[in-house]
Structures are given as structure tokens and as C-alpha cells.
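Q: Sequence and predicted model, in that order:
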Amino acid sequence: MLPSLQFYNSLTRTTEPFQPIEAPTVKLYVCGPTVYDFPHLGHARCYMSWDVLVRTLMLFGYTVTYVRNITDVDDKILARAEAQSTTPEAVAELNTQRFHEDMQALNTLSPTVEPKATDHIKGEHGMFAMIETLIAKKHAYVTATGDVNFETATMADYGKLSKRPPEAVQAGARVSVDADKRHPSDFALWKANPEDSYAWNPPEGLAFQGVKRGRPGWHIECSSMIRTVLGETIDIHAGGADLIFPHHENEIAQSECCSGKTPFVRTWMHNGFVNVDGEKMSKSLGNFSTIRDLLEHYPANTLRYFILTNHYRMPVDFTPEALDAAHNWSVKFSIFMTQLLPTFPAMAETLPAWEDETARALLQSQLPEFLEALASDLNTPRALASVNGLVKQLRKAETVTEKQSLLTVLLIALQVLGFRVADFLQIDTENGEQQSNRPTLDEFISAFSTALSAEQVALFQTAEAWESGVLALRAEAKRAKNWALADAIRSGVEKLGGAMTDTPQGSSISW
RNA sequence: GGCGACAUGGCCAAGUGGUAAGGCGGAAGUCUGCAAAACUUCUACUCCCCAGUUCGAAUCUGGGUGUCGCCUCCA
């Protein structure tokens, strides 16, 4: 028996057994990015966490309809377009591409469907259609300026997700008072801005009621895309913890009042935030790192390990020390894999499938604690602990058969967690620094001038020749048991920032 | 003011009633010409504080202290 999947549901604030409406299909919606800038570490955490959710669901035999949107209409996109004298469409397109590149670099699975907000303004379940229904059902009203607001007072259980009834919002000190709102907690479904070029004309029915040309409010897009792509009730809706209020709260209000069906979402899942030195990482504080900056210094596997050593609901404090600790693990693990994998070329070539019946059965018999950890609300720290235990076992394994069987399990587990196995084999070329770190010809010459004779120095004309030449000279020195020269050559390499490692098969240099 | 989260060894981090996972770092030893890696062993009588419930609590209850988040765009 597979352990039963349990997820923490933000709506009920308890951990519940997971049961999709139409097993084996799981309808999953993840709030995607607003594409106005490079994705940052916070996005990496969020989307890697949900990546593991998708992989876990697949491992447990579900077919996941994974929908993750692109928010391509938003004030920040408009502001960026203006600042860069370009169009909002161009800003959105550029940053969507960056997002895709980064997600791929982080080895996250692509969503089944990736809807764009602007493609869902019109249409049968588009934003206009929903707005029209909400007005007809008296849940929304048109203002004098041509906006449409949702009237929170018309929903009896408004605030059930964030436990924040309208009265509480009213008491909040920082809620801006909008004269057009009947209640401070009412929120915009449609924002009129007739003068702006990036705007949509309402259909006749809405125009007749006074709705003016403009653009959608922030929350309606997700409701509309979910309705269109997945339907009125979905299994899981996931996103960052900061979206609980107001975004997800308002999604619930719109969707449930529009369809008249409850619940709109059966399980709400939210990931914790990335902090820097104990403070939330945010654009306004300027303390964020972009994914590509980080990938310049650390391979994707290191970032993934760093993220997965924390449970997804806990805040993560981002410090150089913590990332270095993760990287040290990565390096050690890479060395291990580099030594082990080549002895099983067939497996390295074609990795075992990780999401099928066979993989499941293998994990269940060989590494049950791994499955249990993931089933317990995606406890990736515990899953990683079981992987480490497996590695220890594998290191001690003596027979080829034993090694092969343990390695199969390991390769499956790594893939379930979203590690890119091939990257572990090329960590030195993968950390992006080999270009800048590899010494030049002059640097080689000056580093070895004391260790080598003038004739030896003159032998090599290029940096590449130096590298292989140095290895050859050192091999010769070792053969002659000239330890002084062998050590001098190694310290020369170290002086250049490299590391020379001896193995029974010979020496190698990593930069 | 309202809602919420978290406090575990040098650092990171699991554990939600049965006597402290895992990683990083550190120490000693084995191995190797020396390094590196690996291997072996060690590295929290104790889980922010106080009181209570219990045969038994890091885990439950009450109180306190501290840190952080949301309530405004944010993953």
C-alpha cells in the first residue's frame, strides 16, 4: 500500500488526506508570475516547491492537469513599458521568455497549459462574461467612473480563507479609501482607463450599464482562467503565502459567487517566503537576487537542494553560508556520482523512469521513508534525509548487483525531487565560472616559473596546452617519486585558484 | 488595531505524546608519498522561559519573552 497523500490546506488550516474529484486526474492551478522583470529567488522557491508537488502527484499515479498562468496585464508592466519607451506587450513577451528560460534552467516541469491573462478577457468564461454574471447576480456594481467593483457584503462567508471578514478590513489602518467603493473591502473587477492605449472595450451589454474601456482588476484573471481551462471546482490551487489576502480571498469571492458552487478550490496550498538576513526579500527593499545571478555562481542542483532542505511552508532565510552549505553537499555528491555512474553507462545514458508503476514499487520496497516523507505534506527535508541514507548504503555496497539496484532507486528519487542527474556529472563546468576562472597563458607561466625550468616553460604555447602539459609533468614527477616537484606543480595550480586531485586513475584539475 | 507563523546542537533543518532524522561545519583515527575524496568514531541527558495535564511532553494546555509575515503591488 502506498502511503496516503496528505496536504496542508490553508482554507481549513489542517493537514488533510488528498482525494481528487475525478481521480486519477488532478486539477492543479498555480499562480504564475507577473512578467515585468527577471524572475528572482522567491520565484525559484515557489515554482520549485510546486514542481515537487506535481512530481509527487505523478509519482503517486495521478495525471496532473497543471495550469500556471502568465499575468501579462498589470500596472507594473505598464510602468516598465513607459520607463523603457516600449509597449506593454513587448515587456510581457521579453519577461515571459526570461521566465521560461529560468524555469528550464531550474529543471521545473512545464505546465500542461499556460494561459495568458490577456487571452481571457473575452470569451465564454472570459473576464467580461464573469463580470456580467456578477453584476446580474448583484454581487458587483458599476461605479460612476466606469469601474466595476465586487461588493463583499453580498457574500456571507467572505474572508473565509484569510479569516478576515470585511469588518476587519475596515479596521485596517492602511486600506486606502476609495470614494467609489460601497465598502472599503470591495475590490475592483474592472478598472476604467479610457485614455490609455493598453485597454479593452467592454462588450455592449456591459457598456450599456456604464462600464468604460479599461483593463481587468488583478484577481478576476485567475478566476476566469481557472473557469475556462479547469472548470468551476478544482483540486488544488497553489501560490505564495502573500497571495492569501487579498488575491486568493477575492478569487474565491468572484468564482463562488459567479458559479454559485462551493468550494471553488478544495485544497489551498501556500509556500513560505524567502527572507534575507531575517527580512522578507522584496523588490521594495531591493534585497533580491535574480535566478540568473544565482545560477552564475551555483548550479541549479545546489539551488534545489538549498530550497528543498526547508519545508515549503516555512520561511527560508537566504544567507551565503546556507547556500554554501548546500553547495558543499552538491560538490560531494557530484564527486560520488562522477565516480559511480560511469561504471553503469547504460543507466547513466537512459535514466530509469521515475513516475511509473515500477518506480513507485521500487521506492516502496527499497526506500519507503522517501514516499512517506513526500506523502506527509511534501516533507522534502525528510525525503532528502532518506536520499542521504541511501547514498551511505550505496557507498558501502560491495557487489555490482547491489550497487545497481540501489543506484536505480537513487536515480528515481533524485528525479522525483527534480534534480538534473546529468548536471551532477559536470559540476565543474556547470557552475558557470570555468570561463573566467581558467587561467590565461601568462598566468600559467608566472605561476610555474619557480617550479619548472625555462625549457619546460617554453614547451607550452597556449593555456590549453599548459593544462594538459602540467598534468603530464606531474604524472611524470609522481612516477619518478619526485615529490617536491609534484607538490610544487599542485601548489602552482592552487595558486591559480584550481584544485588538483589525485585518483588511482590519474590526476585532474578543476577550476 | 485585526489575522497568522516561527523559536531545536557552531550553522542550516526534520520531528506534533514514548525518550532528539539529515545536511554543513568541527575533532580524532584508517587509507593515500602528501593532499582531496572515501571509510570509522565522536560532536544537543536536551528542544526560548514559567506553570499545568500525563506513567511519560521538544511535541498537549495556560501564561510570558523574542523574531518574522500578511492587512498596499509582491512568489
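A: Ah, there it is.

Q: for the residue in chain A positioned nearest to RNA strand B, what are its contacts?
A: In chain A, the residue that lies nearest RNA strand B is residue A:240 (2.0 Å; Cβ to the nearest atom of the strand). The way it works is simple: take the backbone N, C-alpha and C, and place the C-beta from them, glycine included. By Cβ atoms under 8 Å, 6 or more residues apart in numbering, the contact list for residue A:240 reads A:31, A:42, A:46, A:270-271, A:273.

Q: Sort out which of these are buried, if you could.
A: Applying 16 or more other Cβ atoms under 10 Å to the contacts of residue A:240, the neighbour count classes A:31, A:42, A:46, A:270-271, A:273 as buried.

Q: Between all of the residues you listed, which two are separated the most?
A: A:31 and A:273 (14.2 Å; Cβ to Cβ).

Q: mind giving me the domain split of chain A?
A: A:1-297, A:312-430, A:434-510 (automatic domain parsing).

Q: what's the most buried one of those?
A: domain A:1-297 (a mean of 19; mean count of other Cβ atoms under 10 Å).

Q: What's the separation between residue A:479 and residue A:472?
A: 11 Å (Cβ to Cβ, to the nearest Å).

Q: right, I mislabeled it, should have said residue A:139
A: 79 Å.

Q: Can you pull the phi and psi angles for residue A:116?
A: Main-chain dihedrals, residue A:116, degrees, to the nearest 10: phi -100, psi 140.

Q: List the beta-bridge partners for it.
A: For residue A:116, the beta-bridge partners are residue A:70 (DSSP bridges).

Q: you'd agree residue A:262 is up against residue A:255?
A: No: in this structure, residue A:262 is not within contact of residue A:255 by Cβ atoms under 8 Å, at 9.5 Å.

Q: pull the longest helix from chain A.
A: helix A:320-340 (DSSP state H).

Q: Report whether it contacts RNA strand B.
A: Yes: shown here: helix A:320-340 in contact with RNA strand B (Cβ under 7 Å from any atom of the strand) through A:321-322, A:324-326, A:328-329, A:332, A:335-336, A:339.

Q: Could you tell me how far that helix lies from the centre of the chain?
A: Here the centre of helix A:320-340 is set off from its chain's centre by 20 Å, with Cα atoms, centre = their mean, to the nearest Å.

Q: For the helix or strand that contains residue A:249, give me every contacting residue.
A: Taking DSSP states H and E as the definition, residue A:249 sits inside helix A:249-259. Residues outside helix A:249-259 that contact it (Cβ under 8 Å, 6+ apart) are A:130, A:133-134, A:137, A:139, A:150, A:152, A:154-155, A:158-162, A:164, A:187, A:189, A:219-220, A:222-223, A:226-227, A:232, A:237, A:262-265.

Q: Enumerate every residue touching residue A:46.
A: A:239-240, A:271.

Q: host element of it?
A: Using DSSP H and E, residue A:46 sits within helix A:41-59.

Q: what sits up against the helix or strand just after that helix?
A: Using DSSP H and E, the next helix or strand after helix A:41-59 towards the C-terminus is strand A:63-68. Outside strand A:63-68, the residues within contact range by Cβ under 8 Å, 6+ apart are A:24-32, A:47, A:50, A:54, A:57-58, A:109, A:111-115, A:225-226, A:229-230.

Q: again with stretch A:123-130
A: A:120-122, A:189-190, A:202-203, A:206, A:216, A:220-221, A:223-224, A:227-228, A:254, A:258.

Q: In strands, which of those fall?
A: A:189-190, A:216 (DSSP state E).

Q: Residue A:267 is in contact with residue A:19, isn't it?
A: No: assessed by Cβ under 8 Å, residue A:267 is found out of contact with residue A:19, at 9.4 Å.

Q: and RNA strand B, which of the buried ones among the contacts of residue A:240 contact it?
A: Among the buried ones among the contacts of residue A:240, proximity to RNA strand B is found for A:31, A:42, A:46, A:271, A:273 (Cβ under 7 Å from any atom of the strand).

Q: Compute the inter-axis angle for the longest helix of chain A and helix A:41-59.
A: With axes from the mean of the first three to the mean of the last three Cα atoms, to 10 degrees as the basis, helix A:320-340 and helix A:41-59 are set at 40 degrees to each other.

Q: quick one: which of the ones next to RNA strand B among the buried ones among the contacts of residue A:240 is nearest to residue A:456?
A: Using Cβ to Cβ, these come closest to residue A:456 at residue A:42, 52.5 Å.

Q: gap between the closest one and residue A:471?
A: 43 Å.

Q: same thing with residue A:87?
A: Distance of residue A:87 to residue A:471, computed by Cβ to Cβ: 55 Å.

Q: Could you pull up the residues touching residue A:305?
A: Residue A:305 touches A:326, A:329-330, A:384, A:419, counting by Cβ under 8 Å, 6+ apart.

Q: how about a cut-off of 7 Å?
A: By Cβ atoms under 7 Å, 6 or more residues apart in numbering, the contact list for residue A:305 reads A:326, A:329-330.

Q: before we move on, what about residue A:282?
A: Residue A:282 touches residue A:288, counting by Cβ under 7 Å, 6+ apart.

Q: Need the residue in chain A that's farthest from the chain's center.
A: Most distant residue from the mean C-alpha position of chain A: residue A:455, 53.9 Å away (Cα atoms, centre = their mean).

Q: And that one, its phi and psi?
A: Per degrees, to the nearest 10, the backbone of residue A:455 is at phi -60, psi -40.

Q: Let me know how buried the closest residue to residue A:381 other than its chain neighbours is, in neighbour terms.
A: Nearest non-adjacent residue to residue A:381, counting by Cβ to Cβ, 6 or more residues apart in numbering: residue A:309, 5.5 Å away. Residue A:309 is flanked by 16 other residues according to other Cβ atoms under 10 Å.

Q: Nearest to residue A:303, out of the domains of chain A?
A: The nearest among the domains of chain A, by Cβ to Cβ, is domain A:1-297 at 6.1 Å.

Q: how long is the closest one end to end?
A: Taking Cα to Cα, to the nearest Å, domain A:1-297 runs 43 Å from one end to the other.

Q: Check stretch A:114-131 too.
A: Termini of stretch A:114-131 sit 22 Å apart (Cα to Cα).

Q: Can it be said to contact RNA strand B?
A: No: Stretch A:114-131 is not in contact with RNA strand B by Cβ under 7 Å from any atom of the strand; minimum separation 11.1 Å.

Q: what's the distance between that stretch and the middle of its chain?
A: For stretch A:114-131, the distance to the chain centre is 26 Å (Cα atoms, centre = their mean).

Q: Stretch A:160-169 too?
A: 30 Å.

Q: Is it positioned near RNA strand B?
A: Yes: using Cβ under 7 Å from any atom of the strand, stretch A:160-169 reaches RNA strand B at A:162-164, A:168-169.

Q: sorry, back to before: redo the domains of chain A as TSV? Include distance to residue A:305 and mean pLDDT.
A: Below are those laid out as TSV (distance: least, Cβ to Cβ, whole Å; pLDDT from 0 to 100):
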stretch	distance to residue A:305	mean pLDDT
domain A:1-297	10	92
domain A:312-430	5	91
domain A:434-510	19	82
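
Q: Sketch out the helices for the stretch 401-511 of chain A, chain order is fine.
A: A:421-424, A:427-430, A:434-437, A:441-448, A:454-459, A:463-479, A:483-495 (DSSP state H, counting those that start in this stretch).

Q: got those as TSV, with distance to residue A:357 columns?
A: TSV is the format used below for these (distance: least, Cβ to Cβ, whole Å):
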stretch	distance to residue A:357
helix A:421-424	21
helix A:427-430	32
helix A:434-437	41
helix A:441-448	55
helix A:454-459	59
helix A:463-479	47
helix A:483-495	49
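
Q: if we compare those helices, which one ends up closest to residue A:508?
A: Across the helices of the stretch 401-511 of chain A, residue A:508 has its closest neighbour in helix A:463-479 (7.5 Å, Cβ to Cβ).
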